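Enquirer: Need the 3D shape of this:
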Amino acid sequence: MRFPSLLSIDDYRRLLEERGCEVVEASDTGRFAPHEDLYVNMLEMQLTYDALRILDFDLERLRLVLGAHKFFQQLAHAGKIAQGRFIARRET
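Expert: Sure thing, here's the model as predicted:
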């Protein structure tokens with residue numbers, strides 16, 4: 001995963017409001033950390049061969065991918081990154 005920038009949920013709320021939207025909901029879904037747990041678990045235990053095939057059986061690339069997801073997993077469990085849900089409406 002690559003992110004050109006990361007903003008907080010409040011930052012996204014502010015950007016929506018600055019563009020004339022009424023924000024009905026801006027929240028953390030609570031799903032990102034569990035999904036990273038699942039993704040890492042599946043790569044390590046179930047889909048290792050499939051991932052290696054996609055990566056031309058380059059074990060070092062697999063280690064890099066897994067390392068990146070473990071890093072995201074740590075950030076998610078620390079509450080530093082999240083999956084946000086935004087519901088907003090704008091009158092035209």
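Enquirer: and the helix ranked longest in the chain, which residues are buried?
Expert: In the chain, ranked by residue count with DSSP state H as the criterion, the top helix is helix 59-77. Neighbour counts over helix 59-77 (16 or more other Cβ atoms under 10 Å) mark 62, 65, 66, 69, 72, 73, 75, 76 as buried. Backbone N, C-alpha and C define where each C-beta goes, glycine included.
Enquirer: do stretch 29-47 as well
Expert: 32, 33, 36, 39, 43.
Enquirer: and these as a markdown table, adding pLDDT?
Expert: As requested, the buried residues of stretch 29-47 are exported to a markdown table (pLDDT from 0 to 100):
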| residue | pLDDT |
| --- | --- |
| 32 | 94 |
| 33 | 96 |
| 36 | 95 |
| 39 | 93 |
| 43 | 92 |
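Enquirer: Okay, and which of the residues you listed map to helices?
Expert: Filtering the buried residues of stretch 29-47 for helices - DSSP H - leaves 32, 33, 36, 39, 43.
Enquirer: now these as JSON lines including distance to residue 5?
Expert: As requested, these are exported to JSON lines (distance: Cβ to Cβ, whole Å):
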{"residue": "32", "distance to residue 5": "17"}
{"residue": "33", "distance to residue 5": "21"}
{"residue": "36", "distance to residue 5": "20"}
{"residue": "39", "distance to residue 5": "22"}
{"residue": "43", "distance to residue 5": "26"}
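Enquirer: Out of those residues, the closest to residue 21 would be?
Expert: The shortest separation between residue 21 and any of these is 23.3 Å, and it belongs to residue 32 (by Cβ to Cβ).
Enquirer: where in the chain is pLDDT low?
Expert: Counting by pLDDT under 70, the chain contains low-confidence residues at 1-3.
Enquirer: out of the buried residues of stretch 29-47, which one sits closest to residue 87?
Expert: residue 32 (17.9 Å).
Enquirer: secondary structure element for residue 57?
Expert: Under the criterion of DSSP states H and E, residue 57 resides outside all helices and strands.
Enquirer: That one: neighbour count?
Expert: As a burial measure, residue 57 scores 11 neighbours (other Cβ atoms under 10 Å).
Enquirer: what are the phi and psi angles of it?
Expert: Residue 57 adopts backbone torsions of phi 60, psi 30, taken as degrees, to the nearest 10.
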